[in-house]
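1. from the sequence below, what's the structure:
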Amino acid sequence: MTGIKIGYARCSTDQQDLTAQIDALINLGVSTDRIYTDKGLTGSNRQRPGLEQALAAVREGDTLVVPKLDRLARSVPDARGIADILQARGAKLALGDNIYDPADPMGKMFFNILATFAEFEGDLIRLRTKEGMAIARAKGKLKGKQPKLSDKQQKELYRMHCTDQYSISDLAELFSISRPTVYRTLARRRKVDNIT
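-> Here you go, the predicted structure:
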């Protein structure tokens, strides 16, 4: 049975662009109306609407096409789960130009090896990110989340609070911030001014 090609593309952040992956899928013979995407979701997150739609669209004889395995899964169990779904539906998986049949022992072996490398690559990225953050922190370049209000706004909020004319809720509304942010700002100003 000859089926159709279903495409899937994913990027981890909203700032990244899917154009290159979509172009690659089109070049691999996937029709534009058969391409499903996820944006701003990591490969380790299994709850991806675009992937769920792509898997739901796959029928017997079809091929799920992804540009690279790391766009589909970042762990061996996740990749294995997706392969099991494809196998149960009588579908195949194409990673770029290479087609793997999850029901075939050789295809299953190659897919598992590739999934292991994708998971390893993800682990390396996380390790390098942690190392980079540790170095930046040691150099004083990683200072954490910055305050929502400027120094001038913090001083004004604190001054207004000290007049006893404004409640925490009033200050939150006036400065368009949450109540917890008001409390944090007041605590920060007390510390700066050495007031207990």
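
2. what about the strands in the protein?
-> Counting by DSSP state E, the chain has strands at residues 5-11, 35-39, 63-66, 92-95, 98-100.

3. can you add distance to residue 174 and give the ones you listed back as a markdown table?
-> The C-beta positions use only the backbone N, C-alpha and C, and glycine is treated the same way. Shown next, in a markdown table, are these (distance: least, C-beta to C-beta, whole Å):
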| stretch | distance to residue 174 |
| --- | --- |
| strand 5-11 | 39 |
| strand 35-39 | 35 |
| strand 63-66 | 50 |
| strand 92-95 | 55 |
| strand 98-100 | 60 |
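
4. to residue 184, which of those strands lies closest?
-> For the strands of the chain, proximity to residue 184 was assessed by C-beta to C-beta; strand 35-39 is nearest, at 31.8 Å.

5. sorry, back to before: ok, which of the strands of the chain comes nearest residue 113?
-> Checking the strands of the chain against residue 113 by C-beta to C-beta gives strand 98-100 as the closest, at 10.6 Å.

6. now the closest one: buried residues?
-> Neighbour-count burial for strand 98-100 flags residue 100 (criterion: 16 or more other C-beta atoms under 10 Å).

7. got a list of contacts for that strand?
-> 63, 92-94, 107-108, 110-111 (C-beta atoms under 8 Å, 6 or more residues apart in numbering).

8. coming back round to it: residue 122: which of the strands of the chain is closest?
-> strand 5-11 (13.0 Å).

9. okay, now the sheet partners of the closest one, with direction.
-> strand 35-39 (parallel), strand 63-66 (parallel) (DSSP bridges).

10. got the contact list for it?
-> Contacts for strand 5-11 (C-beta under 8 Å, 6+ apart): 17-18, 21-22, 25, 28-31, 34-41, 43, 48, 50-51, 54, 57-58, 62-67, 71-72, 94.

11. and if you look at stretch 180-196?
-> Outside stretch 180-196, the residues that touch it by C-beta under 8 Å, 6+ apart are 147-149, 154-155, 157-158, 161, 168, 171-172, 175, 177.

12. now, of those, which are buried?
-> Buried among the contacts of stretch 180-196 by 16+ other C-beta under 10 Å: 149, 154, 157-158, 161, 171-172, 175, 177.

13. now, the contacts of stretch 180-196 that are in helices?
-> 154-155, 157-158, 161, 168, 171-172 (DSSP state H).

14. can you tell me the closest non-neighbouring residue to residue 114?
-> In this structure, residue 114 finds its nearest non-sequential neighbour in residue 69, 5.0 Å apart by C-beta to C-beta, 6 or more residues apart in numbering.

15. what residues sit buried inside the helix or strand of the chain with the lowest mean pLDDT?
-> Using mean pLDDT, DSSP states H and E, helix 105-138 stands out as the lowest-scoring helix or strand of the chain, at a mean of 76. Neighbour counts over helix 105-138 (16+ other C-beta under 10 Å) mark 107-108, 111-112, 114-115, 118-119, 122 as buried.

16. swap in stretch 33-44?
-> Going by 16+ other C-beta under 10 Å, stretch 33-44 has these buried residues: 34-39, 41, 43.
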